[in-house]
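Enquirer: any chance you could fold what I've pasted below:
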Amino acid sequence: MTLYSTKSMKELFTTYIRDLQDRICKGLEEIDGSAQFQEDLWERPEGGGGRTRVIQEGAVFEKGGVNTSAVHGPLPKSMQAYFGVGESNFFACGLSLVLHPKNPMVPTVHANWRYFELYDLEGKRIDAWFGGGQDLTPYYLFEQDAQHFHETCKTACDAHDPAFYPKFKARCDDYFWNEHRQEARGVGGLFFDYCKATPERSLEEWYQFVTQVGNSFLDAYLPIVSKRKDLPYSPAQRDWQEIRRGRYVEFNLVHDKGTLFGLKTNGRIESILMSLPPHVQWVYDHQPIEGSAEAALLDVLATPREWAQ
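Expert: Below you'll find the model as predicted:
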């Protein structure tokens, strides 16, 4: 008898992400000190729904969203081809967040923790897995911030397997590579997917790992926000932030699997596109001044680095 025997895994993880959403929103509202999250409950016609929470025009956060959803129904044709299966049904639940701060000295952050089940037409579960991660996108690089974020990620990973951090850090660098720009979206973090039960690791053990990573998020991000949110910045630095936000938008709309999955499964558009920042610039052939802080950031994005000690 384990603590998991009274609830199915999908019930267990759905409960977890809703509680985590409450904790994260509370922590973010406290550090913002001005704005509060607006909650929007929605239902998906094919089955399930979600709880979208958005913060806007705060003292710290210009725009951000912390969303949970639990959806189910027939797997769309496009996703059948993607997973290499025939007609089947699915269940997916997860928490997804993106925060775009006002101050360009504070990095944007993204995180997602999710669970997926696949069923045959008789309702038998034929596959199940976890995925997720968290990553940091600075506009001005403070190396100690990148180190803190990565070391917090590493601590969460090391509690389960010392091989996890280097493996999932490398996958994050690969995944958040903006191929058409030949640069990383940010300084990375963790990315993991298709974490399935094996003889070596049960689905319950994957649950313990994913939830520990989720629980580490506020410790990874809030100290950085606290340290940078009141730093002065110029209009030119704000312009740079908006130009770099453009690269963020490009990645999300061209490459991101979560965004594309939502669009192909009749997900809720407002929730899917909440990751997009409110003010963005595309400046033709913009090049930072050689030797500037802006150029230093691009040097780091061109070649992913090791940050954890």
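
Enquirer: CA only for contacts and neighbour counts going forward, please
Expert: Noted.

Enquirer: going along the chain, name the strands of the chain.
Expert: Ranges of strands within the chain are 38-43, 48-56, 61-74, 89-101, 108-119, 125-137, 177-178, 183-184, 188-195, based on DSSP state E.

Enquirer: residues of the first one that come out buried?
Expert: Right, strand 38-43. Within strand 38-43, no residue counts as buried by 16 or more other C-alpha atoms under 10 Å.

Enquirer: next, count neighbours for the residue lying closest to residue 35 once chain neighbours are set aside.
Expert: Leaving aside its sequence neighbours, residue 35 sits nearest to residue 58 (C-alpha to C-alpha, 6 or more residues apart in numbering; 4.5 Å). Look at residue 58: counted by other C-alpha atoms under 10 Å, it has 18 neighbours.

Enquirer: change the start of the numbering to 4 and stick with it
Expert: Got it, first residue is 4 now, which makes that one residue 61.

Enquirer: for residue 292, see how far away residue 61 is.
Expert: Using C-alpha to C-alpha, to the nearest Å, residue 61 is found at 31 Å from residue 292.

Enquirer: likewise for residue 20?
Expert: Taking C-alpha to C-alpha, one finds residue 20 at 44 Å from residue 292.

Enquirer: what is whichever helix in the chain runs longest packed up against?
Expert: Assignment by DSSP state H gives helix 12-35 as the longest helix of the chain. Under the contact definition 3 or more C-alpha pairs under 8 Å, 6 or more residues apart in numbering; DSSP states H and E, helix 12-35 sits against strand 64-77, strand 92-104, helix 206-218, helix 220-231.

Enquirer: paired strands for the longest one, with orientation please.
Expert: Looking at strand 64-77 with DSSP bridges, its paired strands and their directions are strand 51-59 (antiparallel), strand 92-104 (antiparallel).

Enquirer: and the first one with strand 41-46, angle?
Expert: For the pair strand 51-59 and strand 41-46, the angle between their directions (axes from the mean of the first three to the mean of the last three C-alpha atoms, to 10 degrees) equals 160 degrees.

Enquirer: do I have it right that residue 134 meets residue 199?
Expert: No. At 9.3 Å, residue 134 does not count as touching residue 199 under the criterion of C-alpha atoms under 8 Å.

Enquirer: tell me, what's touching those two both at once?
Expert: Counting by C-alpha atoms under 8 Å, 6 or more residues apart in numbering, residue 134 and residue 199 have no shared contacts at all.

Enquirer: relative to residue 24, how far out is the nearest residue in space to residue 43 that is not next to it in sequence?
Expert: Counting by C-alpha to C-alpha, 6+ apart, residue 55 is the residue found nearest to residue 43 once chain neighbours are left out, at 5.0 Å. Going from residue 55 to residue 24 by C-alpha to C-alpha gives 10 Å.

Enquirer: gap between the two ends of stretch 220-240?
Expert: Note: stretch 220-240 ends 27 Å apart using C-alpha to C-alpha.

Enquirer: what comes up buried for it?
Expert: 220-221, 223-224, 227-228, 231-232, 240.

Enquirer: tell me the mean pLDDT for stretch 186-194?
Expert: Confidence over stretch 186-194 (mean pLDDT, whole number) is 97.

Enquirer: same check, this time on stretch 212-223
Expert: Stretch 212-223 comes out at a mean pLDDT of 98.

Enquirer: so what touches that stretch?
Expert: By C-alpha under 8 Å, 6+ apart, stretch 212-223 touches 19, 23, 27, 30, 116, 133-137, 151-153, 155-156, 159-160, 163.
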